[in-house]
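1. I'll drop the sequence and a predicted model, then ask my questions.
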Amino acid sequence: MNRYLKLVHMEVHRFRYVLASLMGITILIQFAALIWHVNDELAMNKKALINTGFISDKMSFAEAIANTQFWFAIPIFLSIAVLCLYVFLIWYRDWAGRNTFVYRLLMLPTARRNIYLAKLTAMMIFIFGLVAFQLLLLPIEHLIFKLIVPADQIEPSYFMDTVSTNQVFIWLMPRHFDQFVLSYGLGIMALIVVFTAIMLERSYRLIGILFAVLYILACVFTVLFPLFAMGFEQSDSYLYPEEIWTIELVICIALVTVSVWLGFRLLNKKISV
């Protein structure tokens, strides 16, 4: 366990500057977009007050987030793109350069599965860390909003109102627990499948590319085919939707189990120094 935690720390440490940069970009773009929008709205309200003698509408934080959701989405999608790229780099960077780091990594006095698990854990830390960081930013942005907007022009809004007005937040932070488990569970499963595909490529090199692509396609087929075969979207389906989802859950658990087992076996038996 101690060696596994050291490997996790090493992987997080190697990505720290990229992670900090993504957080910094998120702060910069979202704060700037919010402040610009709020000031623009205040200027319009001031003009309306001069022309008509009263302010027609108050401002709410949820409305401000809704009107700036394009700018809020940019750093979020950038972070997703970087993490998708790093799914591959977290492995292939170890093979890069003259003195390939992977040789020393594979010679460490620890079970090789700890290398696989450490990289998987690190990716999950990056994903949930960025989601938690976005959640932490919202109260800070709400505070900025209240500092800029006069109290008599603020329309109260709740946290869930803020999340529900932004389509990216709805997708990133599902309101219901089952939706959260489904979304991130499928994401983690896809991550494990890609990791195992990388192990196939590293084990068999050129022919391994074909094996990796076929493995990913086979996994996608395994997950999607039962939904269409059992008529999930048909009202006259033989099975109830709950039964179909139970079957899908069993398939996904089996797929994750097989992928992890195959990844461990390839790392132990096929990839050598």
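-> That came in fine, so what should we check first? Numbers count the residues shown, from 1 in each chain.

2. from here on, just use CA atoms for contacts and neighbour counts.
-> Fine.

3. and Ala111, which of the three is it?
-> coil (DSSP: H, G, I helix; E, B strand; the rest coil).

4. how far away is it from Glu11?
-> Ala111 sits at a distance of 17 Å from Glu11 (criterion: Cα to Cα, to the nearest Å).

5. do the same with Phe177
-> Separation of Phe177 from Glu11 (Cα to Cα): 29 Å.

6. circling back to that earlier point, more neighbours, Ala111 and Glu11?
-> Between Ala111 and Glu11, counting by other Cα atoms under 10 Å, Glu11 is the more crowded of the two (19 against 15).

7. show the model's pLDDT score for the residue nearest to the more buried one when sequence neighbours are not counted.
-> Excluding the flanking residues, the one nearest Glu11 by Cα to Cα, 6 or more residues apart in numbering is Ala122, at 6.2 Å. For Ala122, the pLDDT comes out at 96.

8. which SS state does Ala122 fall under?
-> What three-state DSSP gives for Ala122 is helix.

9. use 27 as the first number for this chain going forward.
-> In the new numbering, first residue 27, that becomes Ala148.

10. what's the neighbour count on it?
-> Using other Cα under 10 Å, Ala148 has 19 other residues around it.

11. I'd say it and Met36 touch.
-> No. At 9.1 Å, Ala148 and Met36 do not qualify as touching, with contact defined as Cα atoms under 8 Å.

12. so who does Ala280 touch?
-> Contact analysis of Ala280 by Cα atoms under 8 Å, 6 or more residues apart in numbering lists nothing.

13. for Ile218, same thing?
-> Applying Cα under 8 Å, 6+ apart, the residues near Ile218 are Leu146, Val282, Ser285, Val286.

14. nearest spatial neighbour of the second one, skipping sequence neighbours?
-> I take that to be Val282. Nearest non-adjacent residue to Val282 (Cα to Cα, 6+ apart): Met215, at 6.0 Å.

15. part of a helix, is that neighbour?
-> Yes. Assigned with three-state DSSP, Met215 falls within a helix.

16. pLDDT (mean, whole number) over stretch 273-293?
-> 93.

17. for that stretch, buried residues please.
-> Residues of stretch 273-293 classed as buried: 274, 277-278, 281-282, 285-286, 288-293 (neighbour count, 16 or more other Cα atoms under 10 Å).

18. and the lowest-mean-pLDDT helix or strand in the chain, how far out from the chain's middle?
-> Least confident helix or strand, the chain: helix 127-132 with a mean of 77, by mean pLDDT, DSSP states H and E. Put simply, helix 127-132 sits 28 Å off its chain's centre (Cα atoms, centre = their mean, to the nearest Å).
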